[in-house]
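**Student:** curious how this folds, go ahead:
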Amino acid sequence: MEDRFILDEKTIQEKVQEIARQIEKDYEGQEVIFVGVLKGAFIFLADLVRKIEKVDVLIDFVKVSSYGASTETSGVVRLDFDTTMNLEGKHVILVEDILDTGLTLKYLKELLEKKNPLSLKIAVLLDKFERRKVDIEADYVGFKVPDKFLVGYGLDYAEKYRNIPYVMELKE
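**Tutor:** The predicted model follows:
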């Protein structure tokens, strides 16, 4: 497979810092539960919360699946692991690596809303807006990206490439 470079590590870290500053501005002095979507968001979540100093950070996770070992979503979202914290009356930010068709984030947003958080926002590193199938937008967006299959910085293909510190297009 041939790879084509898309976003370098320095550019990503600058954007993560920018998102962290915006979250601090929105929630300064408050407690926020960051819910990372496994497995893809773990690197973005870790970098993001390490840059946040003016907010009390709590971390939880959910795990869903819809891709398997394919480059196309199945369209069916399955909950593999739910949050363990009580989200009722809490500020919650759902953190995902990429907003693509929107099916996964719509499902997760509805799931978390049933837990009665005080507020619920969505942070994504990448927004592949051209592929949206449902009406959902993120509150914090790193980069708008074209309709390419991207890997690196947590994004994978068949569980590979997550460890790459930048984002690149995977070409067959």
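
**Student:** what about the strands in this structure?
**Tutor:** Using DSSP state E, the strands of the chain run over 2-7, 31-38, 56-65, 78-81, 91-99, 119-127, 140-144, 150-151, 167-171.

**Student:** elements contacting the third one?
**Tutor:** Pointing back at strand 56-65 there. If contacts are counted by 3 or more CB pairs under 8 Å, 6 or more residues apart in numbering; DSSP states H and E, strand 56-65 sits against strand 31-38, helix 42-50, strand 78-81, helix 103-113. For the C-beta atoms, the positions are set from N, CA and C on the backbone; glycine is no exception.

**Student:** and if you look at the shortest one?
**Tutor:** If contacts are counted by 3+ CB pairs under 8 Å, 6+ apart, strand 150-151 sits against strand 167-171.

**Student:** wait, what's in contact with the closest residue to residue 81 other than its chain neighbours?
**Tutor:** Leaving aside its chain neighbours, residue 81 sits nearest to residue 63 (3.7 Å; criterion: CB to CB, 6 or more residues apart in numbering). Residue 63 makes contact with 37-39, 79-81, according to CB atoms under 8 Å, 6 or more residues apart in numbering.

**Student:** do residue 20 as well
**Tutor:** 48, 51-52.

**Student:** can you tell me the closest non-neighbouring residue to it?
**Tutor:** Leaving out its chain neighbours, residue 20 is closest to residue 51 (CB to CB, 6+ apart), at 3.7 Å.

**Student:** try residue 122
**Tutor:** Closest to residue 122 by CB to CB, 6+ apart is residue 138, at 4.3 Å.

**Student:** again with residue 123
**Tutor:** residue 140 (3.9 Å).

**Student:** okay, that neighbour: pLDDT?
**Tutor:** For residue 140, the model assigns a pLDDT of 98.

**Student:** same thing with residue 121?
**Tutor:** We have a pLDDT of 98 for residue 121.

**Student:** which residue packs closest to it, ignoring adjacent ones?
**Tutor:** Residue 121 sits nearest to residue 139 (CB to CB, 6+ apart), 4.0 Å away.

**Student:** OK, contacts around that neighbour?
**Tutor:** Residue 139 touches 93, 121-123, counting by CB under 8 Å, 6+ apart.

**Student:** picking up where we left off before, can you flag the buried ones in the contacts of residue 63?
**Tutor:** 37, 39 (16 or more other CB atoms under 10 Å).

**Student:** save the contacts of residue 63 as a markdown table, and put in pLDDT and distance to residue 7 too.
**Tutor:** Formatted as a markdown table, the contacts of residue 63 follow (pLDDT from 0 to 100; distance: CB to CB, whole Å):
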| residue | pLDDT | distance to residue 7 |
| --- | --- | --- |
| 37 | 96 | 19 |
| 38 | 95 | 22 |
| 39 | 94 | 19 |
| 79 | 89 | 30 |
| 80 | 91 | 28 |
| 81 | 91 | 28 |
